[in-house]
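1. Just a sequence and a predicted model for now, questions to come.
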Amino acid sequence: MRNFPDPRRKALILKIIGGLLAVVVVIAVVVLLLGQQGSRDAGQVAATETPVASAAPSVTGEDADALVLEAAEVLTTWTPAEDGSPRAAEQRASKYFTGELNKIMDRQGPGTPSAEWTEMASENAVSVPTVRLHDEIHEDENASSVKPPAGHEHDLERTVAAKWVWSGAGMDDKDPGLTCLLYFTLQETKDHGYLISSYIYRDVPTRYVE
């Protein structure tokens, strides 16, 4: 006698096979979705880590002008009876300088007072400066005219003319007839904006710069 398969058993097998196929399809969909999300995340990380070209400094010309005028006034305001030498004014102006320039100033020592300085100290005089921007730029014969050093492409240069008189309670104002030309280089710093990275000064007869 021929045996025929049990219909109920056949239906159960088909149901199991269908369930397994459904699980496989679900797993495939999940893997596909995770792969797409990973690609998007990788793209976002790459976009975040892509270096951005450095922009030009945001400081305006007026900001730089104001900074060097303030610094020049401090640098040429002296009280000889209290200051050991003009270097004392450099210490007061240190907030306008880069850290490297301040280190250089510290290594230079206090300086030696002049005969005029000693005289003004005896008169309890103070210098009263008048500062203004000047269009002369200091020319460094050793500087390259081709390209500035790396990291200094945005440095600024300003020149200030500072004229002063000595003033004291028991004396008439004394005009030394000199004007100090201060040649500043300003460097953009990470935390404090623009600061003075170097300066050179020279005294010239006032008639030459008026």
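-> On my side now, so go ahead.
2. Thr130 sits in which helix or strand?
-> For Thr130, the element it lies in under DSSP states H and E is strand 126-134.
3. Let's test this: mean pLDDT of that strand, rounded?
-> Mean per-residue pLDDT for strand 126-134: 95.
4. Tell me the strands beside whichever helix or strand comes after it, with direction?
-> Sequence-wise, the next helix or strand downstream of strand 126-134 (DSSP H and E) is strand 156-168. Applying DSSP bridges, strand 156-168 is found paired with strand 126-134 (antiparallel), strand 171-174 (antiparallel), strand 178-189 (antiparallel).
5. okay, now the domains of the chain?
-> In terms of domains, the chain is parsed into 1-51, 61-208 (source: automatic domain parsing).
6. Can you tell me which of those domains has the worst average pLDDT?
-> When I compare the domains of the chain, domain 1-51 is least confident, with a mean of 51.
7. Tell me who's in contact with the closest residue to Ser198 other than its chain neighbours.
-> Spatially, and ignoring its direct neighbours in sequence, Ser198 is nearest to Thr185 (4.7 Å; CB to CB, 6 or more residues apart in numbering). (Each C-beta comes from the backbone N, C-alpha and C, glycine too.) Neighbouring residues of Thr185 by CB atoms under 8 Å, 6 or more residues apart in numbering: Asp155, Leu156, Glu157, Ile196, Ser197, Ser198, Tyr199.
8. ok, which stretches of this protein are helices?
-> Counting by DSSP state H, the chain has these helices, from start to end: 7-49, 61-75, 87-92, 99-108, 115-122.
9. so what's Asp173 closest to, chain neighbours aside?
-> Using CB to CB, 6+ apart and skipping residues adjacent in sequence, the residue nearest Asp173 is Val165, 4.6 Å away.
10. Burial check on the one you found, number of neighbours?
-> Neighbours of Val165 under the rule other CB atoms under 10 Å: 16.
11. for it, what are its contacts?
-> So Val165 contacts Ser127, Val128, Asp173, Lys174, Asp175, Pro176 (CB under 8 Å, 6+ apart).
12. Most neighbours among those, which one?
-> Ranked by neighbour count (other CB under 10 Å), these have Ser127 at the top, with 20 neighbours.
13. what is it paired to in the beta sheet?
-> Beta-bridge pairing for Ser127 (DSSP bridges): Trp166.
14. closest to Lys190 among the contacts of Thr185?
-> Nearest to Lys190 among the contacts of Thr185: Ser197, at 13.4 Å, using CB to CB.
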